[in-house]
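Asks: The amino acid sequence is not available; the structure is as follows:
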């Protein structure tokens, strides 16, 4: 995908301003598509007098959670563990935790993956627990936990839940958590710059900083330990973009090969648990949580998948459009920097450019739903376009004075389901078509000037007219024959 230079310059300016405004000592970003890293840039001093680049190593904090989730799913696929297993199977000490009500279930792996284990949100306490060992975590459990809800009933972001998932991974894999993640996911994908400790890193490792009344104070590196599953990874813009592309490819007709099945990767990016607006008051879109990933619903772009990371001294964010495969990665080395803000703005800029360019393209090369690339629905997409051609032929026949109303009805019945004339009689539909086409001077024989689709079984397109344009919209019934269950024709007059 070619991104215009002026748009990339605007993206770069967002991150340059972060350093200029002293939000962080350094800021680095990358834009990727389905083919790879499109562009990257860095600003400030990473610690050696140089600006960071796509191979500079930062802590990615909670962006680790998607890797934790993916590793667990490889074990589920092998039958070594099940998502509905109670956490007590892997962590016996949890049996000593008093549940919030007599009928409350023990949290399952699925509940913990989707942040619905009932445990309270535990930032920033959990960020300081990374280095504790399993015995210390067991001691925490035996001392008791608080619950904000009955397990399985509502969302609450829980790092402790992901620490427990790390224990489940270790037990099922028969190897320590970090080894399981490395052997099962990171190395098979060639993510050699994604590691669990600074000493393992190949590139330059940035030191995290905290702003203490105008001066930057270096922060110590923690881990690895029992809480590494919540955010223990170090990585680079290049590696994290590669990971995101791998996940995103599962929603194409040709998913990348790798250790996690396309079905499991798609499951990770599904809205499993609604995130209340009070939890994300600044969110511009409805938000949910899948397996280790947030899922936002955008009116134009569809699903946007993301995760932020915040650790003492670091801020990270990765986000991408499921439909378009276009995404952004960004890191900064400052506590509470919230690099998610410029990263979100950057992707919005990129998607606006992509969507506007697509809307301006000839309809023959435009399918805004992206459904042709979505696995499992190609037959539906093809049926919808076949129906469009049939409807086009139908409307042209209805405009022909030589075609009487009886023949017009027979032609309509050959394209549409029986409910269509019951909802509005054929004669009335034909009359409305002729009036609408006349109102805008539409040419029913012309090629569409635009085409849009919200789902594979839906299509709308526009025909040009001398005084505006004519919008035609269809929805198919769930029948394999591809019959039209809804047909509307609307004149859109030009503004004067």
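Replies: Sure thing, it's come through. Remember, it's a predicted structure, so these values are computed and weren't measured experimentally.
Asks: Return the distance of residue 253 relative to residue 400.
Replies: 39 Å (Cβ to Cβ, to the nearest Å). Yep, even glycine has a C-beta here, placed from its N, CA and C like the rest.
Asks: How about residue 55?
Replies: Looking at residue 55 against residue 400, where the rule is Cβ to Cβ, the gap reads 65 Å.
Asks: Between these two, tell me which one has more neighbours.
Replies: Legend: neighbour count by other Cβ atoms under 10 Å for residue 55 and residue 400, higher for residue 55 (15 against 11).
Asks: quick one: secondary structure of the residue nearest the centre of the chain?
Replies: In the chain, the C-alpha nearest the mean C-alpha coordinate belongs to residue 305, at 1.6 Å (Cα atoms, centre = their mean). Classification of residue 305 using DSSP: H, G, I helix; E, B strand; the rest coil returns strand.
Asks: how about it, what does it touch?
Replies: If a contact means Cβ atoms under 8 Å, 6 or more residues apart in numbering, then residue 305 has 247, 248, 269, 290, 293, 294, 295, 296, 319, 320, 322 as its contacts.
Asks: Strands - which of those residues land there?
Replies: Restricting the contacts of residue 305 to those inside strands, with DSSP state E as the criterion, leaves 294, 295, 296, 319, 320.
Asks: Return the member of those nearest to residue 129.
Replies: Here the nearest of these to residue 129, counting by Cβ to Cβ, is residue 294; it sits at 22.4 Å.
Asks: Quick one: end-to-end distance for stretch 173-186.
Replies: With Cα to Cα, to the nearest Å as the measure, stretch 173-186 spans 15 Å from end to end.
Asks: Other residues contacting that stretch?
Replies: Residues lying outside stretch 173-186 but in contact with it, judged by Cβ under 8 Å, 6+ apart, are 67-68, 70-71, 74-75, 80, 166-167, 169-170, 191-192, 194-196, 224, 228-229, 232, 259-260.
Asks: Please pick the buried ones from those.
Replies: Neighbour-count burial (16 or more other Cβ atoms under 10 Å) is assigned, among those, to 67-68, 70-71, 74-75, 166-167, 169-170, 191, 194-196, 224, 228-229, 232, 259-260.
Asks: List the buried residues in stretch 148-162.
Replies: Taking 16+ other Cβ under 10 Å as the basis for neighbour counts, the residues of stretch 148-162 that come out buried are 149, 151, 152, 155, 156, 157, 158, 159, 160, 161, 162.
Asks: can you list the domains in the chain?
Replies: 5-360, 364-493 (automatic domain parsing).
Asks: Centre of the chain to the shortest one, how far?
Replies: The gap between where domain 364-493 is centred and where its chain is centred comes out at 32 Å by Cα atoms, centre = their mean, to the nearest Å.
Asks: got it, and stretch 133-143?
Replies: 34 Å.
Asks: Flag every buried residue along that stretch.
Replies: Neighbour-count burial for stretch 133-143, with 16+ other Cβ under 10 Å as criterion, is recorded at 134, 137, 138, 140, 141.
Asks: List the contacts of it.
Replies: Against stretch 133-143 from outside (Cβ under 8 Å, 6+ apart): 91, 93, 94, 96, 97, 132, 163, 167, 225, 226, 227.
Asks: contacting residues for the fourth one?
Replies: The contact partners of residue 96, taken as Cβ under 8 Å, 6+ apart, are 141, 142, 144.
Asks: Give me the subset of the residues you listed that lies in helices.
Replies: With helices identified by DSSP state H, the entries of the contacts of residue 96 that belong to them are 141, 142.
Asks: I'd like the contacts of residue 96 as CSV, with distance to residue 461 appended.
Replies: What follows is the contacts of residue 96, written out as CSV (distance: Cβ to Cβ, whole Å):
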residue, distance to residue 461
141, 59
142, 64
144, 61
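Asks: from the contacts of residue 96, which single one is nearest residue 395?
Replies: Distance ranking of the contacts of residue 96 against residue 395, using Cβ to Cβ, places residue 141 first at 67.5 Å.
Asks: Spatially nearest residue to the closest one (excluding sequence neighbours)?
Replies: Counting by Cβ to Cβ, 6 or more residues apart in numbering, residue 141 lies nearest to residue 93, which is 4.4 Å off, once chain neighbours are set aside.
Asks: What about the one you found? Give its phi and psi, please.
Replies: Phi and psi for residue 93, reported as degrees, to the nearest 10, are phi -60, psi -20.
Asks: same thing with residue 145?
Replies: phi -130, psi 150.
Asks: How confident was the prediction at it?
Replies: What the model reports for residue 145 is a pLDDT of 97.
Asks: most packed of the domains of the chain?
Replies: Mean neighbours per residue, mean count of other Cβ atoms under 10 Å, is largest over the domains of the chain for domain 5-360, with a mean of 20.
Asks: Where does pLDDT dip in the stretch 201-350 of the chain?
Replies: In the predicted model of the stretch 201-350 of the chain, no residue satisfies pLDDT under 70.
Asks: which stretches of it form strands?
Replies: 209-212, 215-218, 234-235, 273-274, 287-289, 294-298, 302-311, 314-321, 327-332 (DSSP state E, counting those that start in this stretch).
Asks: Between the two ends of stretch 277-286, what distance do you get?
Replies: This stretch, stretch 277-286, spans 8 Å end to end (Cα to Cα).
Asks: For that stretch, give me every contacting residue.
Replies: Stretch 277-286 has contacts (Cβ under 8 Å, 6+ apart) with 155, 156, 157, 274, 275, 287, 296, 297, 298, 304.
Asks: switch the cut-off to 10 Å
Replies: 115, 121, 155-157, 271, 274-275, 287, 289, 294-299, 301, 303-304, 338, 340-341, 344, 348 (Cβ atoms under 10 Å, 6 or more residues apart in numbering).
Asks: Turn the strands of the stretch 201-350 of the chain into a markdown table, including distance to residue 442.
Replies: A markdown table is the format used below for the strands of the stretch 201-350 of the chain (distance: least, Cβ to Cβ, whole Å):
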| stretch | distance to residue 442 |
| --- | --- |
| strand 209-212 | 61 |
| strand 215-218 | 64 |
| strand 234-235 | 54 |
| strand 273-274 | 43 |
| strand 287-289 | 41 |
| strand 294-298 | 31 |
| strand 302-311 | 30 |
| strand 314-321 | 33 |
| strand 327-332 | 40 |
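Asks: who wins for proximity to residue 103 among the ones you listed?
Replies: Proximity to residue 103, assessed across the strands of the stretch 201-350 of the chain by Cβ to Cβ, is greatest for strand 273-274 (20.5 Å).
Asks: circling back: which members of the contacts of stretch 173-186 are positioned in helices?
Replies: Those of the contacts of stretch 173-186 lying in helices (DSSP H): 67, 68, 70, 71, 74, 75, 166, 167, 169, 170, 228, 229.
Asks: and which of those is nearest residue 412?
Replies: For those, the closest approach to residue 412 (Cβ to Cβ) belongs to residue 70, at 50.1 Å.
Asks: Isn't the closest one up against residue 247?
Replies: Yes: Residue 70 is in contact with residue 247 according to Cβ atoms under 10 Å; the separation is 7.9 Å.
Asks: Check the contact lists of those two and give me the overlap.
Replies: Counting by Cβ under 10 Å, 6+ apart, the common neighbours of residue 70 and residue 247 are 258, 260, 265, 268, 292, 293.
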